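Participant: show me how the following folds:
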Amino acid sequence: MWIEHHSLFLEELLQMEGRGGLQEVPCSDCSGSSPNYQCQDCFGIGLRCSACITAAHQRHPLHRLQKWNGSYFERVTLKSLGLRIQLGHTFGQKCPNPRRAFNDNFVVMDSYGIDEVLLDFCDCVEAESHTQQLLRIAWFPSTTADPKTAATFRLLEEFHLLSFELKVSAYEFYSALVRRTNNTGLAPVKMLKRSGRGHYPNGGDTTEEACPHPGKNLPDDWEKAPRVKRWIYALFVAIHANFRLKRKIVSSNTMDPSLIEEGTYKENLLCSSHNAVNMADMKTSRGLAATGLGTIDCAHHNMKCPNAVGDLQKGEKYVNMDYLFFSTLRHTSIQTLNISYDIACQWHKKLQQRMSAFPISMRFDFVSKVINFFVPKFHLPAHIEKCQTTFSFNFNTKEMGPGARRDTLDDFFGDWNWKKVVGLSTIMLRKMKEALPERANQQTALNDLAEGLKEDYGGILDQWRTQVEAWEDDPLQPNPFERNADVITLASVRLALAKEDEMEIQSGSCLALHEDCSPSVLISSGLELEEQQRHLRADKAGCGLHATDTQQGKLVERSNALQRRIEAWVKIQALYMPNISAMRLSDQATSTNTTSVPSSETFKLWLPSQIGRSAPCDERLQRTEWRLRFAQGHDALRSLRSSLRAQTAVLKYKDHNLRGQGANTRARSTLKTIDARIEAAASRYECAHKALVILGGLLGEAGWQSSLRPLNWQDIRSMSDLLWGESEGRRKLSWIWNMCGTHDTTKSFLLTDSAADMRIEWCKARARAMRWGEEAAHWDERQDSVIPTSLEHQDGCVAYAKCQAFLCRELAASFEAHWAEILAQSENIQDID
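Facilitator: Predicted structure coming up:
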């Protein structure tokens with residue numbers, strides 16, 4: 001019955017914010033003039049002077065006081081009024097030898113909040129310990145050694161019961177106590193008061209949008225912003241559904257009314273036959289009046305939008321989410337909307353047509369607005385590949401009645417919004433600190449990639465840029481993030497690998513050494529022998545402990561053949577490098593096992609890079625090996641990239657097309673072969689890089705490190721792989737894809753689509769750089785617009801408005817102090833740019 005009088009309740013609450021009818025009333029105790037103090041915890045309403053209110057609280061030293069400062073009531077403490085608490089004696093008795101608490105400041109936690117008090121321990125000869133003195137006034141000390149903090153028994157008993165009944169943790173209880181100290185608790189009517197509803201002629205019947213809001217926290221000329229800055233003033237909306245917030249069919253709106261009207265929402269759902277009776281026979285919703293809750297949030301600040309929460313009667317139906325979406329958007333005139341929804345790819349279809357079924361007041365002009373639809377990153381991998389590019393951002397109330405449920409949820413959401421407002425400074429500062437270096441990192445990554453692509457793709461980089469800009473202006477244009485390639489099959493992968501084996505055999509894996517040999521042929525043959533040693537070691541390691549006689553026989557034959565080639569090569573090497581024989585004898589003499597002859601795969605060839613500075617060597621031989629090693633490094637990188645592309649292709653084909661044990665076993669066999677090729681290419685590159693480091697120092701070669709860097713295991717990954725803890729927005733390509741020559745020109749099918757791969761990766765790198773640039777620009781723009789404007793009326797309204805204005809100024813000062821350093825850093829970066 002009282003719901004129709006909620007405006008009266010609101011007015012009375014606002015009157016309590018001011019002095020009400022006590023403006024000219026004297027002190028209620030001494031009748032003195034100009035009383036300015038009142039107690040929030042004492043019974044009754046009255047104003048006292050400082051002396052009277054201090055005397056009245058000798059037995060209530062933890063009560064919460066307020067002082068009228070001429071405009072509104074502000075909190076003061078009894079400590080600031082000089083009230084001292086004496087322990088160790090009966091009330092009113094003066095201690096002849098008092099001892100003040102440490103630093104004359106003692107902290108007490110009580111149900112009223114957390115207070116600082118002036119406390120005197122008794123330090124007389126027969127006095128008890130400080131711990132005992134505290135316990136005798138029902139204060140539990142935090143330590144027995146010179147305590148500086150205590151909690152009242154009343155508070156501990158309260159926590160004890162709450163932990164039993166509500167399973168409240170100590171941290172949650174303490175957090176609530178801190179918030180009570182700062183007076184941030186919310187109640188249904190208090191929410192109307194806090195949101196400024198009492199300052200409007202129609203009281204609590206209107207609502208107000210938070211951010212962004214034209215005329216409130218946007219520039220006057222925001223609508224005239226150039227196209228490149230228009231996104232800054234866009235509204236980011238996230239659509240969610242929570243299926244844990246169910247409600248059983250108990251009570252009714254008549255028996256359990258709410259402050260929140262839901263008539264229009266319910267009427268629209270009833271027209272679509274979405275009521276509890278129609279789904280009474282459904283197992284999952286049997287006995288439920290609401291199967292969940294739908295909400296519309298501000299995605300940038302994670303706040304609940306107005307008129308954006310509603311019960312779901314039969315799952316996440318379009319009619320529910322449509323109503324909430326159109327209901328909240330009628331409160332904004334923002335022209336650019338970015339909508340995030342886990343099923344946006346389907347939900348956005350025919351949205352304009354469905355809008356016509358709702359009241360005219362909820363409709364808006366689709367043509368005049370720029371609406372972009374996205375799928376959240378968590379849900380995006382579950383969608384098909386087309387959705388992953390088109391909709392990517394990178395590129396317990398069960399037992400409550402209906403009224404109690406709506407009031408409780410509204411209370412929680414209001415409290416959530418309030419905590420977000422108070423914490424905006426910290427949140428936005430963290431995001432800004434994250435965005436500034438990430439913007440620089442991603443821009444550097446984009447520049448490195450573009451520099452590496454100039455040699456092979458210089459002629460089409462501008463075409464890629466034109467294509468992606470055209471798609472950004474018109475999504476109907478060809479999507480540059482999509483790959484238009486032939487389907488890759490396992491059969492074609494196996495054929496390509498077989499052809500590569502044939503090419504290796506024909507290209508000289510078994511080259512015969514000639515009697516007459518030039519220095520370049522000597523070094524080249526040495527590198528080939530080194531490669532054969534690596535292959536033989538890998539094959540022997542792959543056989544394991546249970547190799548068959550046939551496998552062992554083949555390995556022995558290969559080892560014998562390699563040994564004969566090495567012996568023939570060593571004889572020719574002695575002609576060009578006479579001191580090698582002495583080095584081999586010396587090396588064998590210092591070996592721990594002098595009796596055994598080294599096997600063919602472990603025989604040390606003593607190439608110029610292995611000699612180093614330990615012995616003289618012909619510079620022609622060093623120069624020849626340098627040139628061959630440099631080419632070997634690039635060749636190993638090309639082989640590594642080719643194998644990584646093959647691995648990605650097989651994995652995608654396996655995940656999308658293969659079912660059954662047999663098909664997956666064959667695929668794993670193919671992947672095992674590819675993994676062996678990746679390891680071989682990486683080993684070959686590491687050997688070449690090690691030799692280049694030694695020879696580069698001997699020959700004075702410089703500059704080669706920019707194209708042939710040290711190869712770590714984190715670098716051996718495909719273009720789409722992420723490192724641990726890395727997300728798509730922070731992803732950076734491995735350096736092996738940024739080097740010149742990443743476009744392989746062979747005819748293998750594995751490489752024919754490399755241009756499309758590089759186009760997509762360049763587009764993604766560009767999108768990441770732009771995204772972090774926009775992130776930094778957004779928070780730089782928004783840091784000035786998070787403080788709401790002042791309210792004004794008279795008496796209680798004026799007092800409350802001025803109190804909130806003071807709070808806003810304090811928040812603004814805090815924000816400014818927190819942001820000073822990062823804003824200066826941002827300005828310096830902009831000056832450099």
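Participant: worst-scoring helix or strand of the chain, pLDDT-wise?
Facilitator: helix 749-752 (a mean of 38; mean pLDDT, DSSP states H and E).
Participant: what ranges do the strands span in the stretch 51-200 of the chain?
Facilitator: For the stretch 51-200 of the chain, the strands defined by DSSP state E, counting those that start in this stretch occupy 65-68, 73-76, 84-86, 98-100, 106-110, 113-122, 139-141, 149-152.
Participant: what strands line up against the fourth one, and which way round?
Facilitator: Read it as strand 98-100. Strand partners for strand 98-100, identified by DSSP bridges, are recorded as strand 113-122 (antiparallel).
Participant: give me the mean pLDDT for the strand it pairs with.
Facilitator: For strand 113-122, mean pLDDT is 91.
Participant: and the contacts of it?
Facilitator: 61-62, 64, 77-79, 82-89, 95, 97-101, 104-108, 127-128, 130, 133, 177-178, 180-181 (CB atoms under 8 Å, 6 or more residues apart in numbering). Backbone N, C-alpha and C define where each C-beta goes, glycine included.
Participant: let's see 7 Å
Facilitator: Contact with strand 113-122 is made by 61-62, 64, 77, 79, 83-89, 95, 98-101, 104-108, 130, 133, 177-178, 180-181, as judged by CB atoms under 7 Å, 6 or more residues apart in numbering.
Participant: among the strands of the stretch 51-200 of the chain, which is nearest Ala805?
Facilitator: strand 73-76 (12.4 Å; CB to CB).
Participant: what is that closest one packed up against?
Facilitator: strand 65-68 (3 or more CB pairs under 7 Å, 6 or more residues apart in numbering; DSSP states H and E).
Participant: just the CA trace of the strand it packs on, in PDB.
Facilitator: Extracted in PDB, the C-alpha atoms of strand 65-68 (Å, rounded to 0.1, in the frame of the first residue of the first chain):
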ATOM      1  CA  LEU A  65      28.600  12.600  14.600                       C
ATOM      2  CA  GLN A  66      27.800  15.100  11.900                       C
ATOM      3  CA  LYS A  67      28.500  18.900  11.800                       C
ATOM      4  CA  TRP A  68      26.600  21.500   9.900                       C
END
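Participant: centre of the chain to it, how far?
Facilitator: 43 Å (CA atoms, centre = their mean, to the nearest Å).
Participant: who does that strand pair up with?
Facilitator: strand 37-39 (antiparallel), strand 73-76 (antiparallel).
Participant: possible to save these as a markdown table with mean pLDDT and distance to Thr590?
Facilitator: Shown next, in a markdown table, are the strands paired with strand 65-68 (pLDDT from 0 to 100; distance: least, CB to CB, whole Å):
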| stretch | mean pLDDT | distance to Thr590 |
| --- | --- | --- |
| strand 37-39 | 90 | 92 |
| strand 73-76 | 88 | 83 |
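Participant: identify whichever of these lies nearest to Glu158.
Facilitator: So among the strands paired with strand 65-68, strand 37-39 is nearest, using CB to CB, at 20.8 Å.
Participant: contacts for that closest one, please.
Facilitator: By CB under 7 Å, 6+ apart, the list of residues contacting strand 37-39 reads 46-50, 53, 63, 65-67.
Participant: identify the farthest-apart pair in those.
Facilitator: Cys49 and His63 (16.2 Å).
Participant: ok, Val108 touching Ala150?
Facilitator: Yes - under the criterion of CB atoms under 7 Å, Val108 makes contact with Ala150 at 5.6 Å.
Participant: which one of these two has more residues nearby?
Facilitator: Of the pair Val108 and Ala150, Ala150 is the one with more neighbours under other CB atoms under 10 Å, namely 24 against 21.
Participant: any low-confidence regions in the stretch 401-550 of the chain?
Facilitator: 401-413, 415-416, 418, 421-422, 424-425, 455-456, 481-516 (pLDDT under 70).
Participant: who touches Asn302 in this structure?
Facilitator: Taking CB under 7 Å, 6+ apart, one finds Lys420 in contact with Asn302.
Participant: meant to ask about Leu429
Facilitator: Leu429 neighbours (CB under 7 Å, 6+ apart): 818-819, 822.
Participant: in which helix or strand would I find it?
Facilitator: Taking DSSP states H and E as the criterion, Leu429 maps to helix 424-457.
Participant: how far away from the center of its chain is that helix?
Facilitator: For helix 424-457, the distance to the chain centre is 16 Å (CA atoms, centre = their mean).
Participant: what's whatever helix or strand comes next after that helix in contact with?
Facilitator: Counting by DSSP H and E, the next helix or strand C-terminal to helix 424-457 is helix 461-473. The contact list for helix 461-473, computed with CB under 7 Å, 6+ apart, reads 450, 453, 477-480, 759, 762-763, 766.
Participant: nearest to Gly696 among the residues you listed?
Facilitator: The closest of the contacts of helix 461-473, once distances to Gly696 are taken by CB to CB, is Leu453, at 26.2 Å.
Participant: what is the three-state secondary structure of Gln573?
Facilitator: Here Gln573 is recorded as helix under DSSP: H, G, I helix; E, B strand; the rest coil.
Participant: picking up where we left off before, buried subset of the contacts of helix 461-473, written for ChimeraX?
Facilitator: Buried residues among the contacts of helix 461-473 (16 or more other CB atoms under 10 Å), as a ChimeraX selection:
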select :450,453,479,480,759,762,763,766
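Participant: looking at the contacts of helix 461-473, spot the one nearest Ser169.
Facilitator: Ser169 has its nearest neighbour among the contacts of helix 461-473 in Arg766, at 46.5 Å by CB to CB.
Participant: and that closest one, how far is that from Cys305?
Facilitator: Per CB to CB, to the nearest Å, Arg766 is found 32 Å from Cys305.
Participant: coming back round to it: mind putting the strands paired with strand 65-68 in a markdown table, distance to Phe159 and mean neighbour count included?
Facilitator: Listed next are these as a markdown table, based on distance: least, CB to CB, whole Å; neighbours: other CB atoms under 10 Å:
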| stretch | distance to Phe159 | mean neighbour count |
| --- | --- | --- |
| strand 37-39 | 25 | 22 |
| strand 73-76 | 24 | 16 |
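Participant: need these in CSV (columns: distance to Ala299).
Facilitator: CSV is the format used below for the strands paired with strand 65-68 (distance: least, CB to CB, whole Å):
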stretch, distance to Ala299
strand 37-39, 43
strand 73-76, 35
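Participant: Arg354 is nearest to which of those?
Facilitator: strand 73-76 (50.3 Å).
Participant: about what we covered before: which neighbours do Val108 and Ala150 share?
Facilitator: Joint contacts of Val108 and Ala150 (CB under 7 Å, 6+ apart) are Trp139.
Participant: closest one to Met770 among the strands paired with strand 65-68?
Facilitator: It's strand 73-76; of those, that one is closest to Met770 (CB to CB) at 47.1 Å.
Participant: contacting residues around that closest one?
Facilitator: 64-67, 799.
Participant: check the offset of it from the chain's centre.
Facilitator: 39 Å.
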